[in-house]
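Chemist: Below: sequence and its predicted model.
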Amino acid sequence: MAKRLKLVAEELARLGLTAVYPREWRRSIVLEGEADSWQQYIDAGYAAAGKGYKGVVNDVRVRGLEAPREYLPPVQGGALEGISYDAVIIGGGVIGCAVARELSRWDLRVALLEKEDDVAKQTSSRNNGMIHPGLAAPTGSKKLIYNIRGNRMYTQAAAELGFDFDRCGSVVMLEKSLYQLALPIVRVKALQKGVDGLDILSRRQVAQREPNATSLQHGGISLPSTGVVAPYKVVVAYAENAVENGAAVHLNTAVLGFEMEQGRIVGVRTNQGLIHAGAVINAAGVWADKIAGYADDRFFTIHGRKGTIAIIDKALGPTQKGVLALPRLGVKTHTKGGGLNPTGEGNLLMGPTAIEVPQREDWSTTAEELEFIISRHLGLNRQLRPRDIITYFAGVRACTFDEDFIIEPSEHVPNLVHAAGIQSPGLASAPAIAQDVAAMAVEILKTTREVKPNPAFNPKRRLAPELAKLSLEERGEAIKKNPAYGQIVCRCETISAGEIIDAIHSPVPAASLDAVKRRVRAGMGRCQGGFCTPALLEILARETGKAPSEITKGRPGSQLLVGETKTPQGEGSGHERS
Amino acid sequence: MSGAKWDVAVIGAGPAGLAAAIAADKAGARVCLVERESRPGGILKQCIHDGFGLVRYSQKLSGPEYAWRDIQQIKERGIKLFTDTFLLGLERGKERFALTLQNSKQAVFPIAAKALVAATGCRERTARQVFIHGQRPAGVYTAGTVQRLINIGGHLPGKNCVILGSGDIGLIMARRLTLEGAKVLGVYEIKPEPSGLTRNIVQCLEDYNIPLHLSTTVSKVHGSERTEGVSICRVDEKLRPLPGSEEYVPCDTLVLSVGLIPENDMLLPLGTEIDPRTGGPVVDQLLATTLAGLYSCGNALHVNDLVDYVSESGEIAGSAAARSALGKQNCPRHVPVIPRGDIHYVVPQKLDIAAGGQGIIYFRAARTLADASVEISAGGQALQQKKYPAVRPPEMERIVLDLALLPPGTKELSLNLRG
């Protein structure tokens, strides 16, 4: 016991972190004390990782640094007070929504709580949508198991839920010809890991497959199982199918604590009231450690790792078939290096970066990060120029210091399941993770009651027409049935008023500009909403019965307007509803 | 399947498209006009300030008044106007362009046209395209969006506004926001001189005591829900931020007037050559692109600062398209127009010397020059010269060249601007 603690202490001393004190708690290690910088905090966490503990809890304070700020919805009320659910899922990211859908296969009352104004607001929408082949996941890790299984499940999930999944493959190029010597070993590794398919390509074969690839490559490997999705659409699809099968999605609902009785969670305290819960699933992303703490089960700490991604104009989409990457070996980072990947919609995505950040909900981008992406990845495709970038965004990955997923029933709280530390390849793994997490929750519920399948479960999501996918004849028929499909609102992406109205009245209704964008891409094109924002605003107001000045870009407080014109200054927001 | 057949189809019923359709009709072509909005007029509909028409009508008109004159002519001439109609697909057939249109009434339907005029206007550069960082709160708008929200929607987008870019729309919106009761805290311009017309600086900023900060830009937007403020910083002569010059300005709205980009995306699949300097197609003086039968005009061709010249280019393109469709066009013989000296760009990029008559040459200076002169020459021989007290990049210049002046055997023309 004392040996591994000594190992940690020695490593901390070697790093000069003399004010950091390790102690053991249950089967985990807790770090306390002080550090001078966020980097020191991070170094301390990694010093304690991999030493045989169940998890690393890093409570080291950083001098002069603000504690991470958490957004809480500015909504109070008792809308959910006293409601009883069999299963309560905390977090409306891809894991939470996929778990909700898996649980909706059972005859259970299921609720998903999301503090944001929509699902897929944080890490699950702020990534590059890559469905990894699994090669990069370490042997023996949960990441590997779930990545391989999840990747295979995407074909069926896409067919059932009706989201675009393009198994476009990836080419990992080599920086130096010397690395070719390692390729036979990589092939064996891939076989051992269960990666579906791997081909070794010569320099010429890479150039044949991707004629615009950088000339600096020295051959590479092709991974045909790599795919891409629009991650926010996957999340929305899971959430909608869950709701269609009886689950409830409560937005703007933040978990503030648990009511515990004899070590069990009996109530979930939220800003909308106290909810009774049979089983609780912690899928809270960057705040999963905080949620675990509410149940006195905080055996890990999440630290945020920001990734910035740039979006390339659709016009350049056809210049690339699949994912292109050129990993820089010898550079030690916790990312697989990023690259350039296609999207189902035709744009290319470039990045991401990997930067340790103390703030878990700071999605701001910086000039330095964008310059880094440009310098590192733009040249992978010889057709791209910096002016082809239409916009860029950042996401924060929810990392543990052990760098592996935590997918297990709590060891201490009998009705809590953790799905935490879900970072890359979390999206690729989500279908498999959700299957297992739902099964764990069902096991918990079976200890106190009978759990029967949901006789009405329909795995197929009902799909509103997506005009871009229709033939001209079908499009014409759709417009004749509903003339709103004939009126184009977003000209860059060719999105009709009808599709926008469908999104506003979908099972998880789009109530804001960004929510519409996540569902139907209106405003996501090259003009970035310049032309369609006024029209979207008016459609949203009309369809939701709100005043235009109540319509938000996203969260409450992000109103797009301050009021109407021709009103005295200071009274701009007061006006009657139409 | 080819649907109704037209001599000329004009895409976009803004000022360029309206003028093109009228000119094509006058030239005897059967013409139709396709507009995606519910009313013709384009951006002029939201330009309720005056100053339009000084060149074309010797009058100061508002945008809607200016557009109304052309719209009346469209009606009087009985020109077919498809409104609320979106161009879904465009292909070049053997003899005709095949267009697939969509609207709520007719659903999806094809039309065919012998010649096509692209009058699709331009779009605004966005915050991210000028590399403003930070989160993505509400309250960051392009100037044109603000103009539409206020003038058409009757919506007030903000109360305390910072404007980045001293382009004309930005200046106009500074005044408009002030008149609607918002406070405009300042207009910031990264360049050492304003981008907009001098009359707009005077009438929109000075008259309302709105400060203009030159060599200053916005580097970051603060706030995560609604904009709470912006970081501004001074820049050096190479437009790089000066370290330590950053300042925080609290505001709820950032309005961007940082440039316009010609919209030619629908032409890309046709393989028309695009001039990277203008962002529009490469054309001759008849505004014929490198694809036979395809013409370009207005802000889709290059960004103009006066609507009068947008209409002028529409007229040229419309009548040339009509002549082409009616088979009245001579076989073209092109010579390039080479920009020299301090020319930023020139339109047209080449001349069809077989066409004869006059050619209008538009150009912009690459930098501000006092006592400038521009010279058109061929084979070392000066053909025409024009002197200017000053030329500025934001102000487009225009020369009319008599093609009869060209010496026989002319291989190329050069346009040389010197300070």
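Modeler: Sure, I can see it.
Chemist: for chain A, what are the low-confidence residue spans?
Modeler: For chain A, the stretches with pLDDT under 70 are A:1, A:329-336, A:568-578.
Chemist: So which residue is smack in the middle of it?
Modeler: residue A:124 (1.4 Å; CA atoms, centre = their mean).
Chemist: ok, it to residue A:435 distance?
Modeler: Residue A:124 is 17 Å from residue A:435, where distance means CB to CB, to the nearest Å. Any C-beta I mention is one placed from the backbone N, CA and C, and that applies to glycine too.
Chemist: swap in residue B:276?
Modeler: 51 Å.
Chemist: picking that back up, the closest residue to the residue nearest to the centre of chain A other than its chain neighbours: what's it in contact with?
Modeler: Leaving aside its sequence neighbours, residue A:124 sits nearest to residue A:93 (CB to CB, 6 or more residues apart in numbering or on different chains; 3.8 Å). Listed by CB atoms under 8 Å, 6 or more residues apart in numbering or on different chains, the contact set of residue A:93 reads A:119, A:120, A:122, A:123, A:124, A:235, A:283, A:285, A:422.
Chemist: quick one, helices of chain B?
Modeler: B:15-26, B:63-77, B:143-148, B:168-179, B:198-200, B:307-325 (DSSP state H).
Chemist: The first one close to chain A?
Modeler: No: taking CB under 8 Å from any CB of the partner chain as the criterion, helix B:15-26 and chain A are apart, separated by no less than 15.2 Å.
Chemist: Buried residues, that helix. List them.
Modeler: Buried residues in helix B:15-26, defined by neighbour count with 16 or more other CB atoms under 10 Å in any protein chain shown: B:15, B:16, B:17, B:18, B:19, B:20, B:21, B:22, B:23, B:24, B:25.
Chemist: with those in mind, which one is nearest to chain A?
Modeler: residue B:17 (15.2 Å; CB to the nearest CB).
Chemist: What residues does the closest one make contact with?
Modeler: Taking CB under 8 Å, 6+ apart as the test, what residue B:17 contacts is B:10, B:11, B:33, B:35, B:40, B:42, B:117, B:119, B:297, B:298, B:314.
Chemist: Tell me how many other residues crowd the last one.
Modeler: By the other CB atoms under 10 Å in any protein chain shown criterion, the neighbourhood of residue B:314 contains 31 residues.
Chemist: repeat for the fourth one
Modeler: By the criterion of other CB under 10 Å, residue B:35 has 24 neighbours.
Chemist: Residue A:102: neighbour count?
Modeler: Residue A:102, neighbours per other CB under 10 Å, totals 22.
Chemist: Could you find the closest non-adjacent residue to it?
Modeler: Closest to residue A:102 by CB to CB, 6+ apart is residue A:438, at 3.5 Å.
Chemist: host element of the one you found?
Modeler: Following DSSP states H and E, one finds residue A:438 within helix A:426-446.
Chemist: Check which helices and strands whichever helix or strand comes after that helix sits against.
Modeler: For helix A:426-446, the succeeding helix or strand toward the C-terminus, using DSSP H and E, is helix A:472-481. Counting contacts by 3 or more CB pairs under 8 Å, 6 or more residues apart in numbering or on different chains; DSSP states H and E, helix A:472-481 packs against strand B:97-103, strand B:107-118.
Chemist: ok, and what's touching the shortest one?
Modeler: In this case it means strand B:97-103. A:472, A:475, A:479, A:486-488, B:2, B:9, B:34, B:82-92, B:108-116, B:293-294.
Chemist: avg pLDDT for it?
Modeler: Model confidence over strand B:97-103 averages 97 on the pLDDT scale.
Chemist: wait, what's in contact with the residue of the stretch 301-419 of chain B found nearest chain A?
Modeler: Chain A sits closest to residue B:303 of the stretch 301-419 of chain B, with a gap of 15.0 Å, by CB to the nearest CB. Neighbour list for residue B:303: B:122, B:259, B:260, B:262, B:278, B:279 [criterion: CB under 8 Å, 6+ apart].
Chemist: now that we have the contacts of residue B:17, which one has the most neighbours?
Modeler: residue B:297 (36 neighbours).
Chemist: Name the residue of the stretch 101-250 of chain A that lies nearest to chain B.
Modeler: residue A:117 (10.0 Å).
Chemist: shouldn't residue A:197 be in contact with residue A:225?
Modeler: Yes: using CB atoms under 8 Å, residue A:197 is in contact with residue A:225, at 5.6 Å.
Chemist: closest point of the stretch 201-350 of chain B to chain A, which residue?
Modeler: residue B:225 (3.8 Å).
Chemist: Roughly how far does that residue sit from residue A:73?
Modeler: For residue B:225 relative to residue A:73 (CB to CB), the value is 11 Å.
Chemist: and the contacts of residue B:17 as JSON lines, adding pLDDT?
Modeler: Output for those, formatted as JSON lines (pLDDT from 0 to 100):
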{"residue": "B:10", "pLDDT": "98"}
{"residue": "B:11", "pLDDT": "98"}
{"residue": "B:33", "pLDDT": "98"}
{"residue": "B:35", "pLDDT": "98"}
{"residue": "B:40", "pLDDT": "98"}
{"residue": "B:42", "pLDDT": "97"}
{"residue": "B:117", "pLDDT": "98"}
{"residue": "B:119", "pLDDT": "98"}
{"residue": "B:297", "pLDDT": "98"}
{"residue": "B:298", "pLDDT": "98"}
{"residue": "B:314", "pLDDT": "98"}
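Chemist: mind listing which of those are in strands?
Modeler: Using DSSP state E to define strands, the subset of these located there is B:10, B:11, B:33, B:117.
Chemist: Which member of these is positioned nearest residue A:451?
Modeler: residue B:11 (60.3 Å; CB to CB).
Chemist: Show me the beta-bridge partners of the closest one.
Modeler: residue B:34, residue B:118 (DSSP bridges).
Chemist: how about it, what does it touch?
Modeler: Residue B:11 makes contact with B:17, B:34, B:87, B:116, B:117, B:118, B:119, B:120, B:266, according to CB under 8 Å, 6+ apart.
Chemist: The fifth one against residue B:24, yeah?
Modeler: Yes: contact criterion CB under 8 Å: residue B:117 and residue B:24 qualify, at 7.3 Å.
Chemist: Need the overlap of contacts for these two.
Modeler: In contact with both residue B:117 and residue B:24: B:8, B:10, B:318, B:321, using CB under 8 Å, 6+ apart.
Chemist: Give me the phi and psi for residue A:529.
Modeler: phi 90, psi 0 (degrees, to the nearest 10).
Chemist: residues touching the closest residue to it other than its chain neighbours, list them.
Modeler: Spatial nearest neighbour of residue A:529, excluding adjacent residues (CB to CB, 6+ apart): residue A:523 at 3.6 Å. When contacts are counted by CB under 8 Å, 6+ apart, residue A:523 is found next to A:490, A:513, A:516, A:517, A:529, A:532, A:533, A:536.
Chemist: got the residues you listed as CSV, with secondary structure and neighbour count columns?
Modeler: Output for the contacts of residue A:523, formatted as CSV (DSSP: H, G, I helix; E, B strand; the rest coil; neighbours: other CB atoms under 10 Å in any protein chain shown):
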residue, secondary structure, neighbour count
A:490, strand, 26
A:513, helix, 23
A:516, helix, 27
A:517, helix, 24
A:529, coil, 22
A:532, coil, 27
A:533, helix, 23
A:536, helix, 25
